[in-house]
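Q: what follows is a protein structure lacking sequence information:
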């Protein structure tokens, strides 16, 4: 049995497989964005992350775990120190996916679900970012990673549980501006 550990902005999720077949999916809420200050994961945040990984590892039992991290982690200036601490405390080496690698994983996951012949646009809206990609058949035509993840945008523009009307307008402006480059790329392809 093996485990795939996904360290994201919303959740830290461990999915297990045996002989290529899905077995289980366990997760813990991620506080990476909350525990990041000046683009560095705090010492407390790093320890919380290690503790979360250890808890998931205990739950899964004695298996080989492959770990990757996405947008919130790759934006950390102290990501190498955090990776080192995770390795020391858990024995797990974390690979940080680039925006392109994250979009490729999204693409292959989507193609597995919808089939090889289809074409279109895919969106992976996470907590820290959104990957938007276009594909035709088995080809990934283009991708872009945008800093418009749900958790990131919420924490940037609103400190309350629900945003005010003014905050919603600021969010809309921010997202429209961020996605303007996507519109230009999509026009060239389609």
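A: Noted; the coordinates are in hand. These numbers were taken from a predicted model, which means no experiment stands behind them.
Q: residues contacting residue 168?
A: Shown in contact with residue 168 (Cβ atoms under 8 Å, 6 or more residues apart in numbering): no residues. Where C-beta positions appear, they are placed from N, C-alpha and C, glycine not excepted.
Q: and residue 162, how many neighbours?
A: Residue neighbour count, defined by other Cβ atoms under 10 Å, stands at 8 for residue 162.
Q: what about this protein, any weak spots by pLDDT?
A: Where the chain drops to pLDDT under 70, the residues are 183-190.
Q: quick one, helices of it?
A: For the chain, the helices defined by DSSP state H cover 43-60, 71-74, 79-90, 99-114, 150-157, 165-189.
Q: and the second one, how far from the chain's centre?
A: Relative to the centre of its chain, helix 71-74 is centred 7 Å away, using Cα atoms, centre = their mean, to the nearest Å.
Q: hmm, back to that, could you look over the helices of the chain and pick the most buried one?
A: Among these, helix 71-74 has the highest mean neighbour count (mean count of other Cβ atoms under 10 Å), at a mean of 23.
Q: does anything pack onto that one? Which helices or strands?
A: The elements that helix 71-74 packs onto, with contact taken as 3 or more Cβ pairs under 8 Å, 6 or more residues apart in numbering; DSSP states H and E, are strand 94-96, helix 99-114.
Q: hang on, residue 26 packs against residue 56?
A: Yes. In this structure residue 26 lies within contact range of residue 56 using Cβ atoms under 8 Å: 6.0 Å.
Q: what sits in contact with each of the two?
A: With Cβ under 8 Å, 6+ apart, residue 26 and residue 56 have common neighbours residue 14.
Q: residues contacting the residue lying closest to residue 156 once chain neighbours are set aside?
A: Excluding its sequence neighbours, the residue lying closest to residue 156 (Cβ to Cβ, 6 or more residues apart in numbering) is residue 174, at 7.8 Å. Going by Cβ under 8 Å, 6+ apart, residue 174 touches 148, 153, 156, 157.
Q: farthest pair in the residues you listed?
A: Taking Cβ to Cβ as the measure, the contacts of residue 174 span a maximum distance of 11.0 Å, between 148 and 157.
Q: just to revisit the earlier point, the helices and strands packed on helix 71-74 into JSON lines, with extra columns for distance to residue 51?
A: Below are these laid out as JSON lines (distance: least, Cβ to Cβ, whole Å):
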{"stretch": "strand 94-96", "distance to residue 51": "15"}
{"stretch": "helix 99-114", "distance to residue 51": "25"}
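Q: show me what contacts the residue nearest to residue 27 when sequence neighbours are not counted?
A: Among residues not flanking residue 27 along the chain, residue 13 sits closest, at 4.0 Å (Cβ to Cβ, 6+ apart). If a contact means Cβ under 8 Å, 6+ apart, then residue 13 has 5, 6, 25, 26, 27 as its contacts.
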